[in-house]
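**Student:** only geometry, no sequence info:
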């Protein structure tokens, strides 16, 4: 799969449902989508996501059950890498600063300590 493949808003909706549920049928995706398009439109979209390499399917009787091709953590890293490259000049510092400056960002003391540990670990590893 090309990790740089861009997804449409609807495709992201489908992938969010797939990641949340782990394994899904087209009918389950339609049921979970807000303002869902038709069953056939969702089926076509999932076929396209499979062609793009984001989904794979298994046969379960007469129906297909779809699964993601990447783990959630790998998909998160890929999406975050694209976000940082696109909007923050490929600078993790700029991305972290933007997150920290959001009014709704409130880090607990434990989250602050965890971030400090990650920064120290990164320094020690020469990253």
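**Tutor:** Everything's here; your move. Being a predicted model, the structure only gives us computed values, none of them experimental. Numbers count the residues shown, from 1 in each chain.
**Student:** Just give the closest residue to residue 83, not the sequence neighbours.
**Tutor:** Excluding the flanking residues, the one nearest residue 83 by C-beta to C-beta, 6 or more residues apart in numbering is residue 95, at 7.3 Å. Where C-beta positions appear, they are placed from N, C-alpha and C, glycine not excepted.
**Student:** Give me the neighbour count for residue 99.
**Tutor:** Close neighbours of residue 99, defined as other C-beta atoms under 10 Å, add up to 10.
**Student:** Contacts made by the helix or strand where it lies with the rest, please.
**Tutor:** Per DSSP states H and E: residue 99 is located in helix 92-101. Residues outside helix 92-101 that contact it (C-beta atoms under 8 Å, 6 or more residues apart in numbering): 83, 84, 87, 88, 105, 107.
**Student:** So which elements touch the helix or strand hosting residue 47?
**Tutor:** Taking DSSP H and E as the definition, residue 47 sits inside helix 39-51. For helix 39-51, the elements it packs on are helix 9-21, helix 26-32, strand 55-60, judged by 3 or more C-beta pairs under 8 Å, 6 or more residues apart in numbering; DSSP states H and E.
**Student:** Pull out the buried positions in it.
**Tutor:** For helix 39-51, a neighbour-count test (16 or more other C-beta atoms under 10 Å) marks 42, 43, 45, 46, 49 as buried.
**Student:** just stretch 81-101 next, same as before
**Tutor:** 84, 95.
**Student:** distance between the ends of that stretch?
**Tutor:** 20 Å (C-alpha to C-alpha, to the nearest Å).
**Student:** now the helix holding residue 99: how far from the chain's centre is it?
**Tutor:** Computed by C-alpha atoms, centre = their mean, to the nearest Å, the separation of helix 92-101 from the middle of its chain amounts to 20 Å.
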